[in-house]
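S.K.: Please find the sequence and the predicted model below.
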Amino acid sequence: MTIKTKGAQALPLNTILSGDCIEAMNALPAESIDLIFADPPYNLQLRGDLHRPDNSKVDAVDDEWDQFASFAAYDKFTRAWLKAARRLLKPNGAIWVIGSYHNIFRVGAALQDQGFWILNDVIWRKSNPMPNFRGKRLTNAHETMIWAGKSEASKYTFNYEALKALNEGIQMRSDWVLPICNGHERLKNEQGDKAHPTQKPESLLHRVLVGSTSPGDVILDPFFGTGTTGAVAKMLGRDFIGIEREEAYRKVATKRISMVRKFDNEALQTTTSKRAEPRVPFGQLVERGMLRPGESLYSLNNRHKAKVRADGTLIGTDVKGSIHQVGAALEGAPSCNGWTYWCYKKEGKRVPIDVLRQQIRAEMQA
């Protein structure tokens, strides 16, 4: 266990806490958590046993922890744990909550009532869902995740470029097609049965944590179960705190996480967002002599040119201003990224000015 102090209180990192999740959260220091991933009870409201066509019993979620006397009781529980969760989040923290049609709409309303700011709802579409054995409804092939900032003003982490890289260079969408746990990933207890009925796949948590956290961040899972969040957090170089009241689940999670190997530091790095890179004003290129006043720049399509001025602006045909303003005016466009639009000539070849910006950024980060 690693201890990180927050004011006068210690933060028990990489630990599974036992007991009631609300009491355990209230005992942790305020504004100490970067991200919360919550997989609360779904309140499935099952009526009797469920059997397959061959009359074998389905191992469904019928545990005591998923049973509530009424919707009012469930809503009261939801409001209580969300209040505790919001207290723990840093000002720029965020939360992910996953659920099914049984509970996610009630949780979503409670999130907004508590002051969270919803960023996305993500549909996890299961590529191998459990069939609908009774044939009275559609096969339930998805679950919904809500991603929300602590407040509307939160500057939450979003690794856009990393998720885009995960998706072969295509912008990540809000519908994720991933399989449910099966085969070697499905954990079993000592009797050979499922260790947990709603174990989430590591692929789901991998995408969540790569997309919305950074190495070294502290992630809390108040419904830890068999520890998928902790296992993936450890692999990705994040710290975790789990809360789980069921001893059997804690036992499985502890063994599971002890066998996880953290990726090496180089492997932990992900593609960074361009917005997160150091800002370099165009005028700095002029100040440093990388471009000279009076030097001509050429548009990428070679239709336009403009001259560099001593103050880092450009002057073109009947227009002057920043590299972005002049490019937009010449193209008759509402906006223009001047860094990728303008080129300078070197040995007779056109070179994007962004190459010079990247040289300065490399120096700043060295």
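M.R.: Done, it's in. Keep in mind that what you see is a predicted model, and the values were worked out from it rather than measured.

S.K.: For Ser234, which non-adjacent residue is spatially closest?
M.R.: Quick fix: residue 234 is Lys, not Ser. Distances taken as Cβ to Cβ, 6 or more residues apart in numbering place Val260 nearest to Lys234, at 4.7 Å, with adjacent residues excluded. To be clear about C-beta, it is placed using only N, CA and C from the backbone, and glycine gets the same treatment.

S.K.: Which helix or which strand is home to the one you found?
M.R.: For Val260, there is no enclosing helix or strand under DSSP states H and E.

S.K.: Equivalent analysis for Ser151, please.
M.R.: Applying DSSP H and E, one finds Ser151 in no helix or strand.

S.K.: Got the phi and psi for Phe282?
M.R.: For Phe282, the backbone dihedrals (degrees, to the nearest 10) come out as phi -60, psi -30.

S.K.: Against Ala328, how distant is it?
M.R.: Distance from Phe282 to Ala328, counting by Cβ to Cβ, to the nearest Å: 14 Å.

S.K.: was I right about Gly115 contacting Ser151?
M.R.: Yes. The pair Gly115 / Ser151 is scored as a contact, 6.0 Å apart, by Cβ atoms under 8 Å.

S.K.: Common neighbours of these two, please.
M.R.: Both Gly115 and Ser151 lack any common contact, where contact means Cβ atoms under 8 Å, 6 or more residues apart in numbering.

S.K.: List the contacts of the residue nearest to Lys234.
M.R.: 231, 234-235.

S.K.: For it, what are phi and psi?
M.R.: phi -80, psi 140.

S.K.: May I ask you to name the longest helix in this protein?
M.R.: helix 71-88 (DSSP state H).

S.K.: Check which residues of that helix are buried.
M.R.: 74-75, 77-82, 84-88 (16 or more other Cβ atoms under 10 Å).

S.K.: For the helix or strand where Tyr298 lies, C-alpha coordinates in CSV please.
M.R.: Following DSSP H and E, one finds Tyr298 within strand 296-299. Presented in CSV, the C-alpha positions along strand 296-299 are these (Å, rounded to 0.1, in the frame of the first residue of the first chain):
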residue,chain,number,x,y,z
SER,A,296,7.7,35.2,-48.1
LEU,A,297,5.4,32.4,-47.0
TYR,A,298,3.3,30.3,-49.4
SER,A,299,0.0,28.6,-48.9
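
S.K.: Okay, buried residues for that strand please.
M.R.: Within strand 296-299, the residues scored as buried using 16+ other Cβ under 10 Å are 297-299.

S.K.: So what are the sheet partners of it and their directions?
M.R.: Strand pairing for strand 296-299, using DSSP bridges, gives strand 305-308 (antiparallel), strand 342-346 (antiparallel).

S.K.: Give me the contacts around that strand.
M.R.: 291, 304-308, 314, 323, 327, 330-331, 341-345, 350, 353.

S.K.: Kindly provide the whole-number mean pLDDT of it.
M.R.: Averaged across strand 296-299, pLDDT comes to 95.

S.K.: quick revisit: adding mean neighbour count, distance to Asn14 and mean pLDDT, write the strands paired with strand 296-299 out as TSV.
M.R.: Below are the strands paired with strand 296-299 laid out as TSV (neighbours: other Cβ atoms under 10 Å; distance: least, Cβ to Cβ, whole Å; pLDDT from 0 to 100):
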stretch	mean neighbour count	distance to Asn14	mean pLDDT
strand 305-308	19	53	95
strand 342-346	18	49	94
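
S.K.: how about the most centrally placed residue in the chain, what does it touch?
M.R.: Note on the chain: the residue nearest the mean C-alpha position is Ser212, at 2.6 Å, using Cα atoms, centre = their mean. Residues in contact with Ser212, defined by Cβ under 8 Å, 6+ apart, are 35, 94, 96, 147, 156-159.

S.K.: go on, Phe224?
M.R.: 16, 230, 242-244, 249-250, 253.

S.K.: List buried residues within these.
M.R.: When the contacts of Phe224 are checked for burial by 16+ other Cβ under 10 Å, the buried set is 16, 230, 242-244, 249-250, 253.

S.K.: Next, format those as TSV and append pLDDT, distance to Ala30 and secondary structure.
M.R.: Converted to TSV, the buried ones among the contacts of Phe224 look like this (pLDDT from 0 to 100; distance: Cβ to Cβ, whole Å; DSSP: H, G, I helix; E, B strand; the rest coil):
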residue	pLDDT	distance to Ala30	secondary structure
Ile16	97	21	strand
Gly230	96	22	helix
Gly242	98	19	strand
Ile243	97	16	strand
Glu244	95	22	strand
Tyr249	90	27	helix
Arg250	94	25	helix
Ala253	92	26	helix
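
S.K.: Going by distance to Ala195, which of the residues you listed wins?
M.R.: Distance to Ala195, by Cβ to Cβ, is smallest for Tyr249 among the buried ones among the contacts of Phe224, at 7.2 Å.

S.K.: ok, the closest one - contacts?
M.R.: Residues counted as contacts of Tyr249 (Cβ under 8 Å, 6+ apart) are 195-196, 224-227.

S.K.: ok, of the residues you listed, which one's closest to Asp175?
M.R.: Gly225 (24.3 Å).

S.K.: Wait, Phe37 touches Asp221, no?
M.R.: Yes. Between Phe37 and Asp221 there is a contact under Cβ under 8 Å: 5.2 Å.

S.K.: Overlap in contacts, those two.
M.R.: By Cβ under 8 Å, 6+ apart, the residues touching both Phe37 and Asp221 are Thr229.

S.K.: All set, thanks.
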